[in-house]
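Chemist: Provided below for reference: sequence and predicted model.
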Amino acid sequence: MRSVVFVIAALVSLGIVAGSAWAFLLRDADERARRSNLLPTDLTLGPRPAFDVAPPCRNPLTPDEPLRLWIGGDSLAGTLGPALGQLAAETGVVLPTFDYHTSSGLSSPSFFDWPERAAEEIERVDPEVVVFIIGANDTGVVRDEPTNDDGVPEWRDTYGRLVDQMLDLFTDDGRSVYWVGSPTLRDDRKNRAVEQVNDVARERFSERNDATFVDAYDLFSDDGEYTPTRPGVDGDDVRVRTNDGIHFTPAGGELLATYVFAYIDEHCDVERQAVEDRDQPVRQSPGSGEVPGSDDEPASTTQPPTTATTATTAPPSTTTSPPTTIISTPLVAL
């Protein structure tokens, strides 16, 4: 059985009541540290719904009846999806599917209609757990004017309704939902805007008890500012963001995947039910990676690092021949 390391987090994250701490469960911690040179054990989980009122997770989970996980979002999901998918699939009791669409957001449905796409994916995959990363392409909605009667910019109400629309869709039928906010962006103006976009989403979550907001902004920041690196296990910096100042490197994708998986594991008790040598396939949705409004082939995804040997894929920005729909072998770094 794969090793499981329990780490009691002693640090308190932004938004957690002072003095409280969360147990952070990591699987194969030594192996992951060697693979990515990251040390995510200093992280703490942020606020989430009380599990006595949140939808319960199906139990037991088995390789023949695995937990159905769907990971979707903008191009950042093109790295998070395979990384989280592989991490979850290796337990043998989670069947992951990922679906990403470059340049998509909630504020431009004429470019890409996420409610429509998500409804199709829910019907097709019937997920029990949803992970959705969005917001980096919604910075254009941020405006100081006009304001409502309370002096609040109207875009906040408009964008909040878009968030509610997606949450209502995702949480229908008792699904567990983890909404991942945008990470920091290198461009100062967009970074300030995405912080406000995240803030609106976080406000909507504060009014609900059926979904969890996962803060990627703090995870990929240095005192609230963009940083392309994080300290590794040997004290040296590890690059977690690509040169464009937006996307994740394979190590960055794995860091976020490890963080999100901890939430899922806490709720669904995945690791305790893991079955060795019964890895599930990591599936990519039909049409995932295609540039909206074009006939381009799906872009290949940057995959998380591993020590195994298999074919190498191209980074998210390329438009090479489409990858296989089912990723059933370990993935490698470029």
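Modeler: That came in fine, so what should we check first?
Chemist: who's sitting farthest from the centroid in the chain?
Modeler: Asp149 (35.8 Å; CA atoms, centre = their mean).
Chemist: which residues touch that residue?
Modeler: Applying CB atoms under 8 Å, 6 or more residues apart in numbering, one finds that Asp149 lies in contact with no residue. From N, CA and C alone the C-beta is placed, and that goes for glycine too.
Chemist: now do the same for it: helix, strand or coil?
Modeler: Three-state call for Asp149 (DSSP: H, G, I helix; E, B strand; the rest coil): coil.
Chemist: so it versus Asp157, what's the distance?
Modeler: Noted for Asp149: a distance of 11 Å to Asp157, by CB to CB, to the nearest Å.
Chemist: give me the low-pLDDT residue ranges for the stretch 51-200 of the chain?
Modeler: 51-54 (pLDDT under 70).
Chemist: what about the strands in it?
Modeler: With strands called from DSSP state E, counting those that start in this stretch, the stretch 51-200 of the chain shows them at 67-73, 94-100, 129-133, 176-180.
Chemist: can you redo those strands as JSON lines with distance to Glu203 and mean neighbour count?
Modeler: Compiled in JSON lines, those are given as follows (distance: least, CB to CB, whole Å; neighbours: other CB atoms under 10 Å):
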{"stretch": "strand 67-73", "distance to Glu203": "20", "mean neighbour count": "26"}
{"stretch": "strand 94-100", "distance to Glu203": "26", "mean neighbour count": "26"}
{"stretch": "strand 129-133", "distance to Glu203": "17", "mean neighbour count": "26"}
{"stretch": "strand 176-180", "distance to Glu203": "12", "mean neighbour count": "25"}
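Chemist: redo these as TSV? Include distance to Asp223.
Modeler: Putting the strands of the stretch 51-200 of the chain into TSV (distance: least, CB to CB, whole Å) gives the following:
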stretch	distance to Asp223
strand 67-73	26
strand 94-100	30
strand 129-133	23
strand 176-180	21
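Chemist: now do the helices in the stretch 101-250 of the chain.
Modeler: In the stretch 101-250 of the chain, the segments counted as helices under DSSP state H, counting those that start in this stretch are 114-125, 154-171, 188-206, 216-219, 250-268.
Chemist: buried deepest among the ones you listed, which one?
Modeler: Among these, the stretch with the highest mean neighbour count (mean count of other CB atoms under 10 Å) is helix 250-268, at a mean of 24.
Chemist: same for that one, what does it pack against?
Modeler: Where contact means 3 or more CB pairs under 8 Å, 6 or more residues apart in numbering; DSSP states H and E, helix 250-268 is packed against strand 23-27, helix 29-36, helix 77-89, strand 129-133, strand 176-180, strand 212-214, helix 216-219, strand 237-239.
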